[in-house]
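S.K.: Based on what follows, work out the 3D shape:
(4 chains)
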Number of protein chains: 2
Amino acid sequence: MQKIEKLLESKNIRVTAMRLLIYKFLAEKQIAVTLSDIENAFEKADRTTLYRTVKTFEEKDIVHQIDDGTGITKYALCENGCNCEIERDLHLHFHCNNCNETVCLTEHKIPQIKVPDGFVSENVNLVVKGICDKCSGQ
Amino acid sequence: MQKIEKLLESKNIRVTAMRLLIYKFLAEKQIAVTLSDIENAFEKADRTTLYRTVKTFEEKDIVHQIDDGTGITKYALCENGCNCEIERDLHLHFHCNNCNETVCLTEHKIPQIKVPDGFVSENVNLVVKGICDKCSGQ
DNA sequence: AATATCAATGCAATGGAAGTGCAATTACTG
DNA sequence: CAGTAATTGCACTTCCATTGCATTGATATT
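M.R.: Sure, this is the predicted structure:
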């Protein structure tokens, strides 16, 4: 618990009750969550606060944004080998068409993508869609 | 010009002036366009009509949708080796962070993506971001 | 401990994109 | 040419993202 406070301090953002709660919520979830998910979990809090908290986390590389093609932005903690700061580009996400959940497959590296001459690759967003392990009955 | 009519007929959708114009517009553009782009090009026409026309094209595999991470859905014609019908999944798109344009790199194949056991991959969306050939001064 | 300062929060409102219902119009069929 | 079905235009709604401003809360200084 102290660990979260240390983390926030190391990122130079103030430690508040709200931020601790939201961080904990994200940490408990193993999947990427939408703002609505967070809203539902903290009905007492204001949407804007949650929004700005997540945005702050994003700026400070505490969470990263995921665009899984559902049209709704999702967020997930930058840990478990995510290494946003170092290789902030190689995001591999899996979106389940059945349960609609999106998970980060951080342990699976993205193969090198070749682009034509004249193009400069700075960043890769890769979303694989299909059926996740839970839904495939496995 | 007759070619477009033939195409529409072969897809079993009616040939209308609107559809011919929108198709021509998409064909002229070498990049993926948003609904707003189309709106700006056809200011006399109604948003809804344009929206539904594109949706119809999408259903009939005349255009495909692109989610390049800008949060706004883009569309591009399914030609030049796109082969939506056959391998409707292997979309490689390049989004330029400078000019904000998105192009289809259909000639560049996506390498095989491995997913963990229990996950079933049905579909892959890959967007590479960076600087395009026009903007790199090349 | 009181206060000044700046950040964080809550409320209200806005904007943009996506989507729907319905009436009017247009295209095809016989 | 009439009838049917699809297409178009208008109005409206919904949902998510975002901003302005006043208020509350936290940190630093005295």
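
S.K.: quick one: the helices in chain A?
M.R.: A:2-10, A:17-28, A:35-41, A:47-59 (DSSP state H).

S.K.: Is it possible to get CSV of the ones you listed that adds mean pLDDT, mean neighbour count and distance to DNA strand D?
M.R.: The C-beta positions use only the backbone N, C-alpha and C, and glycine is treated the same way. Putting these into CSV (pLDDT from 0 to 100; neighbours: other CB atoms under 10 Å in any protein chain shown; distance: least, CB to the nearest atom of the strand, whole Å) gives the following:
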stretch, mean pLDDT, mean neighbour count, distance to DNA strand D
helix A:2-10, 91, 12, 9
helix A:17-28, 95, 16, 6
helix A:35-41, 96, 15, 4
helix A:47-59, 96, 16, 4
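
S.K.: For DNA strand D, give me its nearest residue in chain A.
M.R.: Nearest residue of chain A to DNA strand D (CB to the nearest atom of the strand) works out as A:T73 at 3.3 Å.

S.K.: close enough to count as contact, that residue and A:D67?
M.R.: Yes: applying CB atoms under 8 Å, one finds A:T73 in contact with A:D67, separated by 6.4 Å.

S.K.: Now do the shared contacts for the two.
M.R.: Residues touching both A:T73 and A:D67 (CB atoms under 8 Å, 6 or more residues apart in numbering or on different chains): B:G71.

S.K.: okay, those two: which has more neighbours?
M.R.: The neighbour comparison of A:T73 against A:D67 (other CB atoms under 10 Å in any protein chain shown) goes to A:D67, with 21 against 16.

S.K.: so what's that one closest to, chain neighbours aside?
M.R.: Sequence neighbours aside, B:G69 is the residue nearest to A:D67 in space, at 4.7 Å (criterion: CB to CB, 6 or more residues apart in numbering or on different chains).

S.K.: I'd like to know how many residues surround that neighbour.
M.R.: By other CB under 10 Å, the residues close to B:G69 number 20.

S.K.: what residues are up against it?
M.R.: So B:G69 contacts A:67, A:125, B:95, B:127, B:129 (CB under 8 Å, 6+ apart).

S.K.: Same list (the residues you listed) but as CSV, adding distance to DNA strand D.
M.R.: As requested, the contacts of B:G69 are arranged in CSV below (distance: CB to the nearest atom of the strand, whole Å):
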residue, distance to DNA strand D
A:D67, 9
A:N125, 15
B:H95, 16
B:V127, 17
B:K129, 17
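
S.K.: Cross those residues against strands and list the overlap.
M.R.: Among the contacts of B:G69, the members found in strands (DSSP state E) are A:125, B:95, B:127, B:129.

S.K.: was I right about the second one contacting B:C135?
M.R.: Okay, so that is B:H95. No: between B:H95 and B:C135 there is no contact under CB under 8 Å: 11.5 Å.

S.K.: circling back to that earlier point, which two in the ones in strands among the contacts of B:G69 are spaced the farthest apart?
M.R.: Maximum pairwise distance among those (CB to CB): 8.7 Å, between A:N125 and B:H95.

S.K.: so how far is DNA strand C from A:H95?
M.R.: With the distance defined as CB to the nearest atom of the strand, to the nearest Å, A:H95 ends up 16 Å from DNA strand C.
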